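A.B. asks: this is the structure alone, sequence omitted:
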Ligand code: GDP
Ligand code: MG
């Protein structure tokens, strides 16, 4: 055990985590030339395309240092706030962390949030100043920033370039010398932390774990404490680029187990694996059941595809336990599903996977957060509102609570004013303002989560000319003055376009929604009035004017084969339209409320 090192790499996005991981694998000879391929750890196509790590993975390396053989377990962490619980569990499986800071960008919001997670878990931090090869690198200044942040000695910061390979040997040396060996013992009952799982359609779910105490053996009866289920360990092994089956994995080490589990949701990240016969009395601390934060309706474009959509969602859920869904129906869209996601990125991923892997064409409605509504009749029992249309009638409503977050933004001093105005517009309340250096400022706000869902990232980027990084964590529910704004097309309410909005902004947003919808809804053979309403009160109105006759003839008159072609085109998702009453609504319109600026 004294020759094992378990570590992770934490960094703000794009600071070079995946590239550095590749260099470490290269340098330790953990990949053959044939296996070489950039960003080895990002295995899903989507991850490679977007350059982000969605799911965390682990990989084992061998390294000989001063005549001794070491096992280095690199546990990769996802790089997006939607997945911060998984990050925290991956970190909990390690004794040390490489903290990568881009020598041109310096410390950013996720550098700090990930660092805090690592410090909470008592990890040894090895600061790495990456990208020193860049002409725009500022190594002295950024080293000072890191020293200020960590309170370390400048000599502890390792200058590196994941691109040229500079500093890789120094990093390996630091991993061995500075990160403590794991502490557990094999003599105690099994206690292993689940930090990830991967769905394999042929073998069932592969569960990744870090053994804290005891050992896990092939053929052992094991128990997952949080779910209370027992399994037979068909295979255990270590993770290289491919799996290496072993007889057992002992305290201190990292590995996988295959038990024939068929559904991802049976394996909960953060759960403890123990021996079924001699269970530990000590589950590992920090387990949480992750809850979805953002909800949206997903509907088939073609109503006939409803059952196919259900099958596809069920299959997706087999390998993504954080996706939840339940059937719902909309007067406008017919039958579909209300889906819960960890965040906006997760929602986009699911939508894309439905299209790519399952060939579905879907309409996604405006995302919303989960509210608690209380009626006067029953003012202590929350009604959970995951869909604006479920809000109880205002006449009987006592109050509504919405989820709040602590939002941390790091930006340049020049943009403090802009960022402040944006956050105040988004109902934020500033709680801290700290100058990290004379140039860089950290701003902390309490803000409603719903405002982040509504077009926050893009605006932040614009007002800061790209010089702002952002991170958040939930801080609980707070009472808010919320009303439901409904949209009527052709005098018919379209339930899928309703949104809960703060009363003070409702008038303004209702007006903007009407304007936006007018832009997005294609002109048809008749005038289409577009109205926003709160209850029975119309707060705004626009009209999409009818097409001139000759144009209509061209589009709608044509022969049947032309129409069929159009339909086929829609099916392929090129033209996602939904007929509601006699109005055709394009997909963008369902998201209009997100893009009002
Ligand atoms: P991650 O988001 O932290 O995983 O970052 P990546 O490893 O995907 O790197 C982001 C970008 O920075 C990619 O285009 C890399 O090629 C580039 N990059 C990473 N490390 C270096 C480096 O040391 N020097 C230079 N010049 N570019 C780097
Ligand atoms: Mg990456």
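C.D. replies: Looks like it arrived, so ask away. Values in this document were obtained by computation on a predicted structure and should not be read as measured data. Ligands and ions are numbered 1, 2, ... in the order given.

A.B. asks: what segments of the stretch 301-450 of the chain are strands?
C.D. replies: Along the stretch 301-450 of the chain, the segments classed as strands by DSSP state E, counting those that start in this stretch run 324-330, 334-341, 362-364, 371-375, 383-385, 397-412, 429-435, 440-448.

A.B. asks: what stretches of this structure score poorly on pLDDT?
C.D. replies: Scanning the chain for pLDDT under 70 picks out 32-56, 79, 454, 548-575, 597.

A.B. asks: torsion angles phi and psi at the residue in it that ligand 2 sits nearest to?
C.D. replies: Relative to ligand 2, the nearest point of the chain is residue 18 (3.2 Å; CB to the ion). Every C-beta, even on glycine, is put in place using the N, C-alpha and C of the backbone. As for residue 18, its main-chain torsions (degrees, to the nearest 10) stand at phi -70, psi -40.

A.B. asks: can you tell me how far it sits from residue 417?
C.D. replies: From residue 18 over to residue 417 the distance is 35 Å, taken as CB to CB, to the nearest Å.

A.B. asks: show me which of the two is the more surrounded one.
C.D. replies: residue 18 (24 against 10; other CB atoms under 10 Å).

A.B. asks: tell me the contacts of the nearest residue to residue 526 once chain neighbours are set aside?
C.D. replies: Leaving aside its sequence neighbours, residue 526 sits nearest to residue 546 (CB to CB, 6 or more residues apart in numbering; 5.1 Å). Listed by CB atoms under 8 Å, 6 or more residues apart in numbering, the contact set of residue 546 reads 523-527.

A.B. asks: and if you look at residue 119?
C.D. replies: By CB under 8 Å, 6+ apart, the contact set of residue 119 is residue 125.

A.B. asks: need the contact list for residue 509.
C.D. replies: 485, 499, 501, 593, 596.

A.B. asks: let me see the domain layout of this protein.
C.D. replies: If you go by the TED database, the domain ranges for the chain are 4-178, 191-275, 294-365, 371-480, 484-595.

A.B. asks: kindly report the residues of the stretch 151-300 of the chain close to ligand 2.
C.D. replies: By CB under 5 Å from the ion, no part of the stretch 151-300 of the chain sits against ligand 2.

A.B. asks: ok so, going back, and the contacts of residue 509 as a markdown table, adding distance to ligand 2?
C.D. replies: Putting the contacts of residue 509 into a markdown table (distance: CB to the ion, whole Å) gives the following:
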| residue | distance to ligand 2 |
| --- | --- |
| 485 | 39 |
| 499 | 34 |
| 501 | 36 |
| 593 | 32 |
| 596 | 32 |
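
A.B. asks: list buried residues within these.
C.D. replies: Using 16 or more other CB atoms under 10 Å as the burial test, the contacts of residue 509 include 485, 499, 501, 593 as buried.

A.B. asks: narrow these to those in strands?
C.D. replies: 485, 499, 501 (DSSP state E).

A.B. asks: export those to JSON lines and tack on distance to residue 59?
C.D. replies: Shown next, in JSON lines, are those (distance: CB to CB, whole Å):
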{"residue": "485", "distance to residue 59": "49"}
{"residue": "499", "distance to residue 59": "44"}
{"residue": "501", "distance to residue 59": "46"}
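
A.B. asks: for those residues, which one is nearest ligand 1?
C.D. replies: residue 499 (32.8 Å; CB to the nearest ligand atom).

A.B. asks: that closest one and residue 485 touch, don't they?
C.D. replies: Yes - contact status for residue 499 versus residue 485: in contact at 5.6 Å, counting by CB atoms under 8 Å.

A.B. asks: anything in contact with each of the two?
C.D. replies: Common neighbours of residue 499 and residue 485 (CB under 8 Å, 6+ apart) are 509, 513.

A.B. asks: number of nearby residues for residue 268?
C.D. replies: Applying other CB under 10 Å, we find 21 residues neighbouring residue 268.

A.B. asks: centre-most residue in the chain?
C.D. replies: The centre of the chain sits closest to residue 82, judged by CA atoms, centre = their mean, with a distance of 2.6 Å.

A.B. asks: is it true that it touches residue 323?
C.D. replies: No - if you go by CB under 8 Å, residue 82 and residue 323 don't touch, sitting 11.9 Å apart.

A.B. asks: overlap in contacts, the two.
C.D. replies: With CB under 8 Å, 6+ apart, residue 82 and residue 323 have common neighbours 341, 346.

A.B. asks: quick revisit: would you turn the strands of the stretch 301-450 of the chain into a markdown table with distance to ligand 2?
C.D. replies: A markdown table is the format used below for those (distance: least, CB to the ion, whole Å):
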| stretch | distance to ligand 2 |
| --- | --- |
| strand 324-330 | 27 |
| strand 334-341 | 21 |
| strand 362-364 | 26 |
| strand 371-375 | 34 |
| strand 383-385 | 35 |
| strand 397-412 | 20 |
| strand 429-435 | 28 |
| strand 440-448 | 24 |
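
A.B. asks: so which of these is the most packed in?
C.D. replies: strand 362-364 (a mean of 23; mean count of other CB atoms under 10 Å).

A.B. asks: name the helices or strands packed onto it?
C.D. replies: Applying 3 or more CB pairs under 8 Å, 6 or more residues apart in numbering; DSSP states H and E, one finds that strand 362-364 contacts strand 294-300, helix 344-358, helix 587-590.

A.B. asks: which neighbouring elements make contact with the last one?
C.D. replies: Pointing back at helix 587-590 there. Using 3+ CB pairs under 8 Å, 6+ apart, helix 587-590 sits against strand 362-364, helix 503-520.

A.B. asks: please identify the deepest-packed of these.
C.D. replies: Scoring the helices and strands packed on helix 587-590 by mean count of other CB under 10 Å, the most buried comes out as strand 362-364, with a mean of 23.

A.B. asks: got the contact list for it?
C.D. replies: Residues contacting strand 362-364 (CB under 8 Å, 6+ apart): 296-301, 309, 333, 336, 347, 351, 354-355, 496, 576, 578, 587, 590-591.

A.B. asks: do stretch 408-421 as well
C.D. replies: 107-109, 112-113, 423, 430, 433, 435-436, 438-445, 460, 463-465, 467-472.

A.B. asks: how long is that stretch end to end?
C.D. replies: 15 Å (CA to CA, to the nearest Å).

A.B. asks: chain center to that stretch, what's the gap?
C.D. replies: Centroid separation for stretch 408-421 versus its chain: 24 Å, with CA atoms, centre = their mean, to the nearest Å.

A.B. asks: re the thing from before, make sure I have this right: the residue nearest to residue 526 is in a helix.
C.D. replies: No - assigned with DSSP: H, G, I helix; E, B strand; the rest coil, residue 546 falls outside any helix and is coil.

A.B. asks: which positions in the chain make contact with ligand 1?
C.D. replies: Contact residues, the chain versus ligand 1 (CB under 6 Å from any ligand atom): 11, 13-19, 51, 79, 130-131, 133-134, 161-163.

A.B. asks: tell me, how many neighbours does residue 286 end up with?
C.D. replies: Neighbours of residue 286 under the rule other CB under 10 Å: 14.

A.B. asks: now do the contacts for it.
C.D. replies: 88-89, 92, 270.

A.B. asks: Serialize these to JSON lines and add fields for distance to residue 379, secondary structure and neighbour count.
C.D. replies: Listed next are the contacts of residue 286 as JSON lines, based on distance: CB to CB, whole Å; DSSP: H, G, I helix; E, B strand; the rest coil; neighbours: other CB atoms under 10 Å:
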{"residue": "88", "distance to residue 379": "35", "secondary structure": "helix", "neighbour count": "21"}
{"residue": "89", "distance to residue 379": "37", "secondary structure": "helix", "neighbour count": "27"}
{"residue": "92", "distance to residue 379": "39", "secondary structure": "helix", "neighbour count": "24"}
{"residue": "270", "distance to residue 379": "34", "secondary structure": "coil", "neighbour count": "21"}
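
A.B. asks: in stretch 123-134, which residues are buried?
C.D. replies: Result for stretch 123-134 [16+ other CB under 10 Å]: buried residues 123-132.
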